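What would the 3D arrangement of this be:
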Amino acid sequence: MNGMKEVLINGFKGSAVAAGIKKDASLDLGLIFSEGEAVAAGVFTSNAVRAAPVLLSQQHIKRGRARAILVNSGNANACTGKEGLETARLTADLVARDLGIGAEEVLVASTGVIGAPLDRDTVGGAIPGLVRALSGGGLSQVAEAIMTTDSFPKISKFQGTAGGRPFHILGMAKGAGMIMPQMATMLCFILSDIGIERSKLQDALSGAVEKTFNRITVDGDTSTNDTVFALANGTANSSPLSESELETFKKGMFLVAEDLARMIVKDGEGATKLVSVKVRGAASREDAEKASRTVANSALVKTAFYGQDPNWGRIMAALGRSGIHMDEEKVSIRIDDILVVEGGLATGTDQETDAAERMKRDEFTVTIDLNKGGHESRVLTCDLTHKYVSINAAYRT
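Numbering: from 1, shown residues only. Got it, this is the predicted structure:
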C-alpha cells in the first residue's frame, strides 16, 4: 500500500523546490493544489506552544474548504511572535495571488528548527516557480520536501468504490523525532478524490488519527507544529455516500494513517527496532493507555530494546510509576509469544534467552496483561540508540 510509484490522484497537483531554507540545498518548499474546491478537515497539535502556521491554518480551515497547502521544512516558524504570524499570512497571500484563489483557501505548514525567523523573502521568491511547476506527478516531490531528519519519504495509497466508480486516498507524512503526538504527527497530508460532507470528512480524519498517530511514540515529545490536513475534491463521485461507502472510506483513511504511522516509528531517529507495546486486562481505558504509553516512552525500556535485553524489571518499574490500578502479583509479560513474567515473577532463564533471540528481530511485540479488567491499548514505539543522541545533539549545528 506504500511506495513512490505512480503518486497520482485525480484533481490534485504538486510541486517542490529547493528554496534555500535548508542548509544542504535539498527540496524544502512544497505546494499541493486542488484544481477544484475541496472539502477540508484538520487536526492540530495539543501543545500549548503553537507555531504560526498552526495558528493561521486553524483560522483558515474553519470554512471547511481549501484549495492549496504550502509547506516548508528546515524552519518551524515557531516561537517567532507576531513577525512569524505575518510571514505565514504573507506567504499564504502570495500563493493565493499566483493561483488565483482566496487567501483563506490556502493552508500552511512548517517543520524544522524552532525559534528562528522564517525568511519571507526566500519563501516568497520561490512561490512563482512552485506554481509554474505544479503537475500531477509532483506530489512525490512534496513528500521529499517535507523531510527533516527522515531517512525516506512516507507515502501510502488506498482505493475503494463509491457510486460505482473508484475513489482514491493518498497520504504523505514526515516525522522521525519529536514524536509523541497527542493528536497527530509532525506533518501529514491526506488527499482524496471522493465527494464527502465536511463533517463526515472531519469525523473520518479524527477517528483515524486517534487510532493511529495518537498511538505512536519515538521520544515522548509533542511538536509545536503537529498538523494533519485532509482534502477531498469530489471528482470521483457526485452522489452522497451510502453508509457502506462511508465505512469503506473510513477504513481507507484508517489504513493510510496506520501505514504512515508505522513508517514514522520505523524511521525513528536512530531506531533499529519497531516495537508494539500491548497492554490488556486493565481496569479502565485510561489505565490501559497510561500503562502502554509509560512503558513505550521509558528511556530504560527503550535502551533495553536496543540492547536486545528482555529486562522485564524495567517494564514492571514503568508500570508501577504510571499511576494505574495494578497488583504486581497478577502481571504477566510476553516478548512475542514467550512468557517471561507470570504472576509478577520471572519464568526462568531459558525463557529470557529465547526472548533475547526474538528481540534481535527488526520488529517484535511486548504484551502486558494486568489481569485487572477488560480494557486494552497499544502503542507503537522504537528503541533508543546512540544515534538518536548524535542526531539531536547536532540538530542546529
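
Flag the shaky bits of the stretch 151-300 of the chain, pLDDT-wise.
By pLDDT under 70, the weakly predicted segments of the stretch 151-300 of the chain are 178, 181-185.

Mind splitting the protein into its structural domains?
The chain resolves into domains spanning 12-266, 274-393 when parsed by automatic domain parsing.

As CSV, those with mean neighbour count would be great.
For glycine as for every other residue, the C-beta is placed from the backbone atoms N, C-alpha and C. As requested, the domains of the chain are exported to CSV (neighbours: other Cβ atoms under 10 Å):
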stretch, mean neighbour count
domain 12-266, 21
domain 274-393, 18
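
check contacts around A271.
218, 265, 382-383, 385, 388 (Cβ atoms under 8 Å, 6 or more residues apart in numbering).

now G195
162, 232, 234-241.

Can you tell me which of the residues you listed is nearest M147?
A232 (25.1 Å; Cβ to Cβ).

ok, that closest one touching V39?
Yes. Counting by Cβ atoms under 8 Å, A232 does reach V39; the two are 4.7 Å apart.

Now the common contact residues for the two.
By Cβ under 8 Å, 6+ apart, the residues touching both A232 and V39 are 196, 201.

can I get the contacts of A271 in CSV with distance to V366 and secondary structure?
As requested, the contacts of A271 are exported to CSV (distance: Cβ to Cβ, whole Å; DSSP: H, G, I helix; E, B strand; the rest coil):
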residue, distance to V366, secondary structure
V218, 16, coil
V265, 14, helix
C382, 12, strand
D383, 12, coil
T385, 18, coil
Y388, 19, helix
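
still on that earlier bit, output the contacts of G195 as TSV; include the columns distance to N297 and secondary structure.
TSV is the format used below for these (distance: Cβ to Cβ, whole Å; three-state DSSP):
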residue	distance to N297	secondary structure
A162	40	strand
A232	34	strand
G234	41	coil
T235	42	coil
A236	40	coil
N237	42	coil
S238	47	coil
S239	46	coil
P240	43	coil
L241	38	coil
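
Identify the farthest-apart pair in those.
Largest separation among these by Cβ to Cβ: T235 and P240, giving 15.4 Å.

For Q159, what are phi and psi?
phi -130, psi 140 (degrees, to the nearest 10).

Might one say that it is in contact with F167?
Yes. Judged on Cβ under 8 Å, Q159 makes contact with F167 at a distance of 7.2 Å.

all strands of the stretch 201-350 of the chain, in order?
For the stretch 201-350 of the chain, the strands defined by DSSP state E, counting those that start in this stretch cover 227-232, 274-282, 332-335, 338-342, 345-346.

now these in TSV, with distance to M326?
Formatted as TSV, the strands of the stretch 201-350 of the chain follow (distance: least, Cβ to Cβ, whole Å):
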stretch	distance to M326
strand 227-232	33
strand 274-282	8
strand 332-335	12
strand 338-342	13
strand 345-346	15
